[in-house]
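>>> Generate a structure from the sequence data that follows.
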Amino acid sequence: MTRPSSFINYPWHTILIASAVTFGIYFAGIFILAVLNPWIALSFLAYILFLEFRLLRYSCTNCYYYDKSCAFGRGKLSALLFKKGNPDTFNQKCISWKSMIPDILISLIPLTAGIYLLITDFNWLILFAMLAILGLTTAGNNYVRGSLACNSCKQKELGCPAYELFNKGN
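This is a model prediction of the structure:
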């Protein structure tokens, strides 16, 4: 069976794997921060929810996959929460490494807290959670975006600033 050049709706196993990577990063980060201080963990959870809201509201509503099953499962969710935006504006967003800082902090904040916790009171669970974040953020995201999501993305064919940022020089 040949793989389509792009999916109208991604298969459930792609959504499951992509979501597992994302939520694995989130849960490992919340765990590390909860060991440090439960209030910090709750603040971090609020930060994650804010970033997810922003993505669903301002990106997913304009994406080809709005009300469809995108690789990350957010197209259908966005349609449940928000009205459809203007797909013509999706590729007009400027995404740079600087604009990625809030997303990078999702891994960097718990890793920094984890280093502190390992120095002050070594804990194998903290080390394991940190390794999980590192592995999921690097190899996990690389696999999802490189092998599962972007290769078969219809929005990439229409124009995707994130794809262009991550694939400069290719």
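>>> Could I get the full set of helices for the chain?
Secondary structure of the chain (DSSP state H): helices located at 12-36, 38-58, 74-81, 101-120, 124-135, 141-143, 154-158, 161-166.
>>> Nearest to Lys68, out of those helices?
Among the helices of the chain, the nearest to Lys68 by CB to CB is helix 74-81 (4.7 Å). Placement of C-beta: from N, CA and C, glycine included.
>>> With Glu164 as the reference, measure out to the residue nearest to the spatial centre of the chain.
Closest to where the C-alpha atoms of the chain average out (CA atoms, centre = their mean) is Thr22, at 5.3 Å. Relative to Glu164, Thr22 is positioned 21 Å away (CB to CB, to the nearest Å).
>>> Dump the helices of the chain into TSV; add mean pLDDT and distance to Cys94 as well.
Output for those, formatted as TSV (pLDDT from 0 to 100; distance: least, CB to CB, whole Å):
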stretch	mean pLDDT	distance to Cys94
helix 12-36	98	23
helix 38-58	98	13
helix 74-81	96	21
helix 101-120	98	14
helix 124-135	98	28
helix 141-143	95	21
helix 154-158	90	16
helix 161-166	82	7
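>>> Any idea which of those gets closest to Tyr64?
Across those, closest to Tyr64 is helix 154-158 (CB to CB), at 4.3 Å.
>>> Show me what counts as buried in that closest one.
By neighbour count on 16 or more other CB atoms under 10 Å, the buried set for helix 154-158 is 154-156.
>>> Could you pull up the residues touching the closest residue to Trp97 other than its chain neighbours?
The shortest distance from Trp97 to any non-neighbouring residue, by CB to CB, 6 or more residues apart in numbering, is to Leu165 (7.4 Å). Contact analysis of Leu165 by CB atoms under 8 Å, 6 or more residues apart in numbering lists 95-97, 100.
>>> ok, now Ala132?
24-25, 28.
>>> sorry, back to before: what's the closest of the helices of the chain to Asp67?
Judging these by CB to CB, what sits closest to Asp67 is helix 74-81, at 3.7 Å.
>>> what separates that closest one from the chain centre, distance-wise?
15 Å (CA atoms, centre = their mean, to the nearest Å).
>>> Stretch 86-95 too?
Chain-centre distance of stretch 86-95: 18 Å, with CA atoms, centre = their mean.
>>> which residues touch that stretch?
59, 62-64, 66, 155, 158-162, 164-165.
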